[in-house]
Every structure is written in structure tokens, then in C-alpha cells.
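Trainee: okay, here's the prediction I keep looking at, along with the sequence it came from:
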Amino acid sequence: MKKIVIFLIGFLLSLQMAHADENRTIKVVTGWNALSFNGVQTLDSLKTKIGADNLLIIQGEGDVSYKKAFVNDGREFLNTFTQTETGKGYWIKVDDNHSFSYEAEVYTETKTINLRDGWNFIGAIKELNITEIKTQLGAEILLVIQGTGQGKTYKKSYIDDGTPELNSFTKFKIDQGYWIKLVSSASLSFKFEPPTPIRNKEARDNTNRIVQENLIIDGKEYTVKVYTTQMATKEISQSSIAVYGNINRQRVQFYINDNYPTDTKFQMKVFDTEGKEVASSGVLDHNALAIEFGDIDITPTPSPSTNHYKVTLKTTNKIAGYEVHLKFTNEIGSNTTLDNDFLKTTGRNVSDLGSNIDESKKLIIFGAFSFGTQDGVSGDFEPFIFDSNDSKSKISIIKHSCVDRDATEVACDIQVVRI
């Protein structure tokens, strides 16, 4: 049986949401509809969008629910639903067909949903086809996907019985809810790409000079420039548009040509004396009055690390995954290398965990998990190299574990060696 080695609990990829949004339209039909929403929808907003008299029931997993009948007979206190959560599915019952729109949040980094063994009612954050879903969850782990209507069913039993043609599910669709049944707990990730930074054109002022300023911040010299997606329609202008904000709490203001097209995007960038970009603003929309770029923080470059170390896994026996937590007393160096290719040598698929550096707690957390039918690897391996100002005696291994292909913990020896 194909197994997934999982120790993602407390170790999941973080989610970061952009401030951008997009308008999405949902159609509901009389009766029950399995839906989800990319972003929070409150009960009041759903009543407004669907109609307070038209919205009969909202049912999430467990005891999360709203019933109009409770409101009608004075028992509104029995309603427990207050708002939706991204990644969760909801049954919504309406009296009449209706279409409504909502502002969906746009994600720029990976969103991960934790799934338990048995049934899960999830929301589709992004389209994923059945091949991608089975690759993430494992073909032996995924038992059922059930949506609503035709073309919404996948059952592993159909494949086992030699009738895969009975499976009609092909992919998740955004704003839809799906029931998923698993043999064991797992996680499902929806990957998003961050917006492409603006690199192509330097903004000009009303005399056609490049807009830039040299600043001294915390004793170091930096150059700040404004970049655009387009050139101004006229090189010389009679007036200007202010671009302003704060860099490390220092007020900065520029004036650019006011002849840029209204669909032009702008971005502030900060460079060090070697011309390396060290910070930037978000992508800014055109505004004929003034453009505010907000606050930009430049993270100080850490002091050079003088000590170099490697972490070794000693005398391992058929391991398919591992996790290590290192504790420091001094500064953690910026040079770290994590190489988990050794876990692939038996043909297993591998995914890195970290490395995650927590400066406030002086921790580095790293590792990997893998999945496949093959055994894990055996021997000595050196997956991690790092720098630190600490001496070896001040670096401690506060947690470590190794697991085999069945996710069973096995013995392994972890050592930190200075190189």
C-alpha cells in the first residue's frame, strides 16, 4: 500500500494573502448547493447577496449552521454560523434560482488545507485536476471525491474493480464544495505565484530626468528609484504627481511626470551601494493626485558568520523522512543549504520541510518527507550545511525524528559537525 510520510503538523507552509481581490459570480439553484468562498463572507453579507427571504439554510461541517426557520419562530439563538472560512465547503439551500457576485481574495503564496482520515467537506481554492490531487494525497490514500451534479464523482473502488471509466470527476472548480474521504490524514496544497515585480522602466520627472534619491539609513547609503510599466506619453510636462511614503520610518517623496497613462503600474525599489535590490514596495496603481507607497523596511545585513557546520544523519536504516530542530544562543548565519536528494535514491518522491529560521527563538527547523511504495534509504547522509557565530558547544539539537515509509518512527543519530 502506498503511504505518505507526514509530519506537517506545526510545520505547514505559511499563507500570505495579497490586498488585491477579484470579482466572482456564483449561481445558486433552487434547493441545495455545495459552495465555497475564497475569502470571508459573513452571514449578513450572504443574506444581502442571496436575499434574506431566499436564503433558507447554511450548513458547514459539524454543528456550524444557519436556518431561516429559527429566525422566523424566534429561536435565532440556535444558529451557530457567523461567517465562511477559506478552504471549507458549505451546503446552501435557497428558495429560488439566483446569481450574485462577491470580492474574492487573491492569494500570492501557497494555501494548505489539513485533511483528517474519513470525510472532509472542503472548498476548492484553485482548480486542481485529479492527477495533481492523487499525486499530493497518494492514490492509495484517496478513496472518494464527491461534488454535486454530473461529472463530480471519483471512487478508488472503481479503479480497484477494473471500471475506472465510471469515474466522472476531472478537477476541482473554484467556489465549489467537495466531500473527500481519505484512509489517513494528509494535506492538500494550492500553489499561487506572487505578482511579477516591475523591472523594465525607470520613472521620469517632468523634465525627463530619472527619478531617484540617495539616502543614508542607519548609517548606510542607499539609492531609491521609481519603476513603471509604461513610458509617459509626453517627455516634458507642466505639472507632476507626488509619490510618497516611508523607508525605515524616514519620509521620502518624489515627483514624477503627470503624463503616464492611467493604467500604468508603479513600484518603489531600494538598492545598496553595490546595486543589489534590498527592498521594494508593492505594485502601485496610477493616481492623478498622488501615489502612496506606504512603509518599506530594509532588513539590516547580518554580520558575517565565521563558523561553518554540517548536520549528519548517522547509521540510518530505510528512512523515508526526518525532522531536526537546532537551538542557538548567538546569531544565525544567512548561508544555509538544504539538500534532501538522498531520499530520492530509492525512487520516492520528496518534499522539503524548511529550512525555517526563527530569529526570535534562535531556532532552525528543517527536514523532509517522502511518499512512494519503495523502501527508504540507509546509511550516513549530510542534508544540511549552515553558518553561525556560535561555537559548536552552544548549538543544541532540541528535537529530531526519523520515520520509515509507513510513517513509523525509527532510530537515527543526528550530529552537528564543524567544517
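Mentor: Good, I have the coordinates.

Trainee: can you give me the buried ones in stretch 265-276?
Mentor: Judged by neighbour count (16 or more other C-beta atoms under 10 Å), stretch 265-276 contains these buried residues: 265-271. To be clear about C-beta, it is placed using only N, CA and C from the backbone, and glycine gets the same treatment.

Trainee: err, stretch 208-220, not the other one
Mentor: Of the residues in stretch 208-220, those buried (16+ other C-beta under 10 Å) are 211, 217.

Trainee: shift numbering so it begins at 843
Mentor: Got it, the first residue is 843 from now on, which makes the last one we talked about stretch 1050-1062.

Trainee: what sits up against it?
Mentor: 1044-1047, 1063-1068, 1077-1078, 1085, 1089-1090, 1092, 1094, 1096-1099, 1114-1115, 1140, 1142 (C-beta atoms under 8 Å, 6 or more residues apart in numbering).

Trainee: do me a favour and get the end-to-end distance for stretch 930-940?
Mentor: Stretch 930-940 has an end-to-end distance of 22 Å (C-alpha to C-alpha, to the nearest Å).

Trainee: how about that stretch: buried residues?
Mentor: Quick answer for stretch 930-940 (16+ other C-beta under 10 Å): 930-936, 940.

Trainee: output these as a markdown table; include the columns pLDDT and distance to Ala966.
Mentor: Below are these laid out as a markdown table (pLDDT from 0 to 100; distance: C-beta to C-beta, whole Å):
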| residue | pLDDT | distance to Ala966 |
| --- | --- | --- |
| Lys930 | 93 | 11 |
| Gly931 | 92 | 8 |
| Tyr932 | 93 | 12 |
| Trp933 | 93 | 15 |
| Ile934 | 94 | 15 |
| Lys935 | 94 | 20 |
| Val936 | 94 | 20 |
| His940 | 93 | 21 |
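
Trainee: okay, those in JSON lines with secondary structure and distance to Val913 next?
Mentor: Formatted as JSON lines, the buried residues of stretch 930-940 follow (DSSP: H, G, I helix; E, B strand; the rest coil; distance: C-beta to C-beta, whole Å):
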{"residue": "Lys930", "secondary structure": "strand", "distance to Val913": "23"}
{"residue": "Gly931", "secondary structure": "coil", "distance to Val913": "23"}
{"residue": "Tyr932", "secondary structure": "strand", "distance to Val913": "18"}
{"residue": "Trp933", "secondary structure": "strand", "distance to Val913": "18"}
{"residue": "Ile934", "secondary structure": "strand", "distance to Val913": "16"}
{"residue": "Lys935", "secondary structure": "strand", "distance to Val913": "14"}
{"residue": "Val936", "secondary structure": "strand", "distance to Val913": "15"}
{"residue": "His940", "secondary structure": "strand", "distance to Val913": "19"}
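
Trainee: from the contacts of stretch 1050-1062, which would you call buried?
Mentor: 1045-1047, 1064, 1066-1068, 1085, 1089-1090, 1094, 1096-1099, 1140.

Trainee: go through those and say which is closest to Asp1248.
Mentor: Nearest to Asp1248, judged by C-beta to C-beta, of the buried ones among the contacts of stretch 1050-1062 is Ile1140 at 47.7 Å.

Trainee: what pLDDT does Pro1144 get?
Mentor: Looking at Pro1144, its pLDDT stands at 51.

Trainee: for the one 4 residues further on, same thing?
Mentor: According to the prediction, Thr1148 has pLDDT 62.

Trainee: picking up where we left off before, and the buried ones among the contacts of stretch 1050-1062, which is closest to Ile900?
Mentor: Closest approach between the buried ones among the contacts of stretch 1050-1062 and Ile900, by C-beta to C-beta: Val1085, at 45.0 Å.

Trainee: dump the helix or strand containing that closest one to PDB, restricted to CA.
Mentor: Element membership for Val1085 (DSSP states H and E) is strand 1082-1089. The C-alpha trace of strand 1082-1089 is given here as PDB (Å, rounded to 0.1, in the frame of the first residue of the first chain):
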ATOM      1  CA  SER A1082       3.800  66.500 -11.500                       C
ATOM      2  CA  ILE A1083       2.400  63.600  -9.500                       C
ATOM      3  CA  ALA A1084       3.700  63.100  -6.000                       C
ATOM      4  CA  VAL A1085       4.900  59.600  -4.900                       C
ATOM      5  CA  TYR A1086       5.500  59.400  -1.200                       C
ATOM      6  CA  GLY A1087       5.900  57.100   1.800                       C
ATOM      7  CA  ASN A1088       8.400  56.000   4.500                       C
ATOM      8  CA  ILE A1089      11.600  53.900   4.300                       C
END
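
Trainee: parallel or antiparallel, list what pairs with it.
Mentor: Paired with strand 1082-1089 in the same sheet, following DSSP bridges, are strand 1092-1099 (antiparallel), strand 1132-1138 (parallel).
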